[in-house]
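Trainee: Pasted the sequence and its predicted model underneath.
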Amino acid sequence: MGWRKAGIWLAKLRAPCVALAVAGCAQPASQVFDLAGASAMTRVSAIGAGAVSVRQPVAVAPTNGYRIVVRDADASVLVLPGVQWSEPLPRLLRERLIESLRRAGVAAARVTGSGRALTTDIRRFEIDVARNVAVVEIYARIVDENSGVERAGQNVIGEAPAPERAGAPAAMALAEAAGQALARVASWARGKL
């Protein structure tokens, strides 16, 4: 390659590199959280219950993605800047739910072939600013995988103090509230299987 061609090639390469560098500087690095400890609140049980397939929870925006949600005192929904979940929340919550069920003595997996599935709807997963509380509300149901008929359903709520509504303290409060909710779902499901 001649000097002239090399110079043109470098000039073409420089513009995208500068644009990427500027874009990288424009956005602050996000803190990433994964609901660690959320499944640890479930007591370990040696006595086995039935088996169940755990489907990915259903959620609506903005709860269905990576963002951490705050509900303001006027009921408006905001997302926390600079923080996010390590995976989309429904996928992350399913993994923690499987862990909680296993700790409760339930043979839980993404697919079990047991004929029963645990489906969940994430109704709330947010910091409630008016009450300074992290709130996790989940509707769980056990469904016959062959017919789709709901065999049992239960709404559970977990709450934890959230005096700070930003960064790590908000994520930790949500993880604590999720741990309570998941422990309740696991206990309920164990009794129904």
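Mentor: Ah, there it is.

Trainee: Poorly predicted segments of this structure, please.
Mentor: Within the chain, the stretches with pLDDT under 70 are 1-29, 37-49.

Trainee: Just to check, Ala117 is in contact with Gly148?
Mentor: No: between Ala117 and Gly148 there is no contact under Cβ atoms under 8 Å: 9.2 Å. (C-beta placed from N, C-alpha, C; glycine too.)

Trainee: more neighbours, those two?
Mentor: For Ala117 versus Gly148, the count of surrounding residues by other Cβ atoms under 10 Å is larger for Ala117: 18 against 9.

Trainee: I'd guess that one is in a helix, am I close?
Mentor: No: membership of Ala117 in a helix is not supported by DSSP: H, G, I helix; E, B strand; the rest coil, which gives strand.

Trainee: partner residues bridging it?
Mentor: Ser53, Val143 (DSSP bridges).

Trainee: what sits against it?
Mentor: Val52, Ser53, Val54, Arg55, Ile142, Val143, Glu145 (Cβ atoms under 8 Å, 6 or more residues apart in numbering).

Trainee: from those, which is closest to Arg96?
Mentor: The closest of the contacts of Ala117 to Arg96 turns out to be Val54 (Cβ to Cβ; 10.3 Å).

Trainee: wouldn't that closest one be in contact with Arg110 here?
Mentor: Yes: using Cβ under 8 Å, Val54 is in contact with Arg110, at 6.3 Å.

Trainee: Overlap of the contact sets of those two?
Mentor: Common neighbours of Val54 and Arg110 (Cβ under 8 Å, 6+ apart) are Arg94, Ile98.

Trainee: With neighbour numbers in mind, choose between the two.
Mentor: Val54 (23 against 11).

Trainee: Just list the residues touching the more buried one, thanks.
Mentor: Neighbour list for Val54: Arg94, Leu97, Ile98, Leu101, Ala108, Ala109, Arg110, Ala117, Leu118 [criterion: Cβ under 8 Å, 6+ apart].

Trainee: Which positions within the biggest helix by length in the chain qualify as buried?
Mentor: Ordering each helix of the chain by length in residues (DSSP state H) puts helix 167-192 first. Within helix 167-192, the residues scored as buried using 16 or more other Cβ atoms under 10 Å are 170-190, 192.

Trainee: now it: how far from the chain's centre is it?
Mentor: 11 Å (Cα atoms, centre = their mean, to the nearest Å).

Trainee: Having no further points to raise, I will conclude here.
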